[in-house]
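Asks: Okay, sequence plus prediction incoming.
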Amino acid sequence: MTTTLRQLDPTQVQLDIEVPAGDLDQARQRALKRLSERLRIPGFRPGHIPKKIIEQHVGAEHIDHEAIEAVVPDLYAKALAEHDLNPVEHPKIDLERTQEGRALKITATVAVRPQIVLGPYTGLEVKSPSTQVDEREVDESIESLRRRAAALEPVTARGIQSGDVVTLDYAGRVDGELFEGGSATGHTTEISPDRFIPGFAEQLYGAKPEERRTVTATFPEGYRPEALAGKTAVFDVLIHDVKQPVLPALDDEFAKSVSDLETLDALRNEVRRRMERMAQARARDAMENELLRMLTASHDFPLPEVLVERETDAIVGEIREQVGRSGMSWDDYLQGRKQTEAELRAAVRPDAQWRVKAGLLIEEIAKVEKIKVSGQDMEREIALLGNAGPSGQAMIEALRSSDNVNRLASTIRRNKTMAFLVEKAKVVEAPPAEAPPPTVA
């Protein structure tokens, strides 16, 4: 065969593949052999059916179709390898018979990865957030465990105060209309300002069982769902009962009740280690994001439109899931944003372009650095999924029953490449954040 490459634009090419009559005849012979082995015709053994009998049974057109179906993918793959092309989608294939039908011309149009000239990507200076955990943070985490382990006793001599656990009904209205997620019956919650939109909890202070309150509060800007952001709501609230938490003593018995550890000191040490691991993970995420921002800003290359569209679909899909979980309909969400879906897609397109650009850069760096995914890498990741309980087991089954193994390998390769970039970066430790001044009771 002979192939000709035409560059239609920086990320799209056309391959013209000429298949001579002799090569096409060989493909037909192979097709006849496969059909001879596959067909069941009385009086003939599989694999020993004459050509004329096969032609009479299935027709010459079917034999041609079988030959072309087999030869086109193979020749297309060879043409890709010959021109060192990396397609990002399935090709659009056009076939043309030449030389009175004896030869074949294949025209394949396909989007490909752009040529990327890598600039510096090692030795970049990146700030690492502090991973120090002070005793105040450990104390707060232990105190949170105490609150979760607290016993609740009814309160009758006073009204609601911060920290009480209250059962209530509420119905919220915006512009006089009930809104999704704004009503509940028999809802039990801790009354604390950080659990509600600003001003809601404070307006319940002092209320007693069977008392009604009208609460007016405004959703902050940036609230999700966005249709409620900045809106003022009026809530009709009925208090059913009020209970106060009775915290357990901070001793070894408490440690045993909330963990498998024997002493309070052991619990504190475990909490500190867990918080340090979380701080280290957050620091690594921050460094990886900073490195990606630096790399995408310092590299310029065209992006395949098909990848940008695919990533835009993914982002819109993520937003749809969030909206669905909030209980709001998609149409109401778009109406609240005063956008059509097309306008939303245009708004998220820059994020999609950034994701595609970052992904292509990571792939190119992995290729240059020969970062590969081993069988051990895959086994280790699958073992981690297995430790995640039923959800992890479901993911393992999904991996085994689909092509998601390739996606997992791609994710592992990306993570290994990001770890390589962090390892090769010049890390500058950021100073720890100052502790807030003590409050005056």
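Replies: Good, I have the coordinates. It should be emphasised that the depicted structure is a prediction, and the values quoted were computed from it without experimental measurement. Numbering: from 1, shown residues only.

Asks: And Leu118, how far from Glu309?
Replies: From Leu118 across to Glu309, the span is 25 Å (C-beta to C-beta, to the nearest Å). Glycine gets a C-beta too; all of them are placed from N, C-alpha and C.

Asks: What does the pLDDT read for Asp94?
Replies: The per-residue pLDDT reported for Asp94 equals 93.

Asks: give the contact list for it.
Replies: Ile106, Thr107, Ala108, Thr109 (C-beta atoms under 8 Å, 6 or more residues apart in numbering).

Asks: ok, Arg272 touching Thr131?
Replies: No - using C-beta atoms under 8 Å as the test, Arg272 is too far from Thr131 to be in contact (11.9 Å).

Asks: In ChimeraX, select just the buried ones from the contacts of Asp94.
Replies: To isolate the buried ones among the contacts of Asp94 in ChimeraX, judged by 16 or more other C-beta atoms under 10 Å, type:
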select :106,107,108
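
Asks: Show me the contacts of Asp94 that map onto strands.
Replies: Counted as lying in strands by DSSP state E, out of these, are Ile106, Thr107, Ala108, Thr109.

Asks: Can you verify my assumption that the first one contacts Leu75?
Replies: It refers to Ile106. Yes - with contact defined as C-beta under 8 Å, Ile106 and Leu75 form a contacting pair (6.4 Å).

Asks: so what are the domain limits for the protein?
Replies: 2-111, 151-246, 267-429 (automatic domain parsing).

Asks: and the end-to-end length of the first one?
Replies: So that's domain 2-111. 21 Å (C-alpha to C-alpha, to the nearest Å).

Asks: where along the stretch 51-200 of the chain do the helices fall?
Replies: 51-58, 60-82, 135-148 (DSSP state H, counting those that start in this stretch).

Asks: Could you save the contacts of Asp94 as CSV and add columns showing pLDDT?
Replies: Compiled in CSV, the contacts of Asp94 are given as follows (pLDDT from 0 to 100):
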residue, pLDDT
Ile106, 92
Thr107, 94
Ala108, 94
Thr109, 95
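
Asks: what mean pLDDT would you report for the longest helix along the chain?
Replies: Identified as the longest helix of the chain according to DSSP state H is helix 264-298. Averaged over helix 264-298, pLDDT sits at 94.

Asks: same thing with stretch 164-173?
Replies: Stretch 164-173 shows a mean pLDDT of 94.

Asks: and it, which residues are buried?
Replies: Buried residues in stretch 164-173 (16+ other C-beta under 10 Å): Asp164, Val165, Val166, Thr167, Leu168, Tyr170, Gly172.

Asks: Which residues outside it are in contact with it?
Replies: Under C-beta under 8 Å, 6+ apart, the answer for stretch 164-173 is 152, 155, 160, 178-179, 182-191, 204, 215, 233-245.

Asks: out of the residues you listed, which are buried?
Replies: Of the contacts of stretch 164-173, these count as buried by 16+ other C-beta under 10 Å: 155, 160, 179, 182, 190-191, 204, 215, 233, 235, 237-239, 241-245.

Asks: Inside strands: which ones of those residues?
Replies: 179, 182, 190, 215, 233, 235, 237-239, 241-245.

Asks: export those residues to a markdown table and tack on distance to Ala425?
Replies: Shown next, in a markdown table, are those (distance: C-beta to C-beta, whole Å):
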| residue | distance to Ala425 |
| --- | --- |
| Phe179 | 47 |
| Gly182 | 47 |
| Glu190 | 42 |
| Val215 | 50 |
| Ala233 | 47 |
| Phe235 | 50 |
| Val237 | 52 |
| Leu238 | 57 |
| Ile239 | 55 |
| Asp241 | 56 |
| Val242 | 54 |
| Lys243 | 52 |
| Gln244 | 51 |
| Pro245 | 46 |
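
Asks: can you tell me how far Ala283 sits from Thr3?
Replies: The gap separating Ala283 from Thr3 is 50 Å, by C-beta to C-beta.

Asks: Quick check: closest non-adjacent residue to Ser298.
Replies: Counting by C-beta to C-beta, 6 or more residues apart in numbering, Ser298 lies nearest to Gly119, which is 5.4 Å off, once chain neighbours are set aside.

Asks: Report how many residues lie close to the one you found.
Replies: When neighbours are counted by other C-beta atoms under 10 Å, Gly119 registers 9.

Asks: Likewise for Asp265?
Replies: Asp265 is flanked by 11 other residues according to other C-beta under 10 Å.

Asks: show me what contacts it?
Replies: Asp265 sits next to no residue when contact means C-beta under 8 Å, 6+ apart.

Asks: change it to 10 Å
Replies: Residues in contact with Asp265 (C-beta atoms under 10 Å, 6 or more residues apart in numbering) are Asp252, Ala255.

Asks: Lys256 versus Asn415, what's the distance?
Replies: Going from Asn415 to Lys256 by C-beta to C-beta gives 38 Å.

Asks: and for Ile106 and Leu75, which residues touch both?
Replies: Residues touching both Ile106 and Leu75 (C-beta under 10 Å, 6+ apart) are Met1, Thr3, Leu15, Ile17, Glu18, Val19.

Asks: Could you dump these into JSON lines and include secondary structure and distance to Thr340?
Replies: Listed next are the shared contacts of Ile106 and Leu75 as JSON lines, based on DSSP: H, G, I helix; E, B strand; the rest coil; distance: C-beta to C-beta, whole Å:
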{"residue": "Met1", "secondary structure": "coil", "distance to Thr340": "48"}
{"residue": "Thr3", "secondary structure": "strand", "distance to Thr340": "44"}
{"residue": "Leu15", "secondary structure": "strand", "distance to Thr340": "38"}
{"residue": "Ile17", "secondary structure": "strand", "distance to Thr340": "43"}
{"residue": "Glu18", "secondary structure": "strand", "distance to Thr340": "47"}
{"residue": "Val19", "secondary structure": "strand", "distance to Thr340": "47"}
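
Asks: In the residues you listed, find the pair that's most separated.
Replies: Spanning the widest gap among those are Leu15 and Val19, at 12.4 Å by C-beta to C-beta.

Asks: that older thread, want to try JSON lines for the ones in strands among the contacts of Asp94, with distance to Glu140 as columns?
Replies: Converted to JSON lines, the ones in strands among the contacts of Asp94 look like this (distance: C-beta to C-beta, whole Å):
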{"residue": "Ile106", "distance to Glu140": "67"}
{"residue": "Thr107", "distance to Glu140": "66"}
{"residue": "Ala108", "distance to Glu140": "61"}
{"residue": "Thr109", "distance to Glu140": "60"}
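
Asks: Looking at the residues you listed, which is nearest Thr98?
Replies: Thr98 lies nearest to Ile106 out of the ones in strands among the contacts of Asp94, by C-beta to C-beta, at 10.9 Å.
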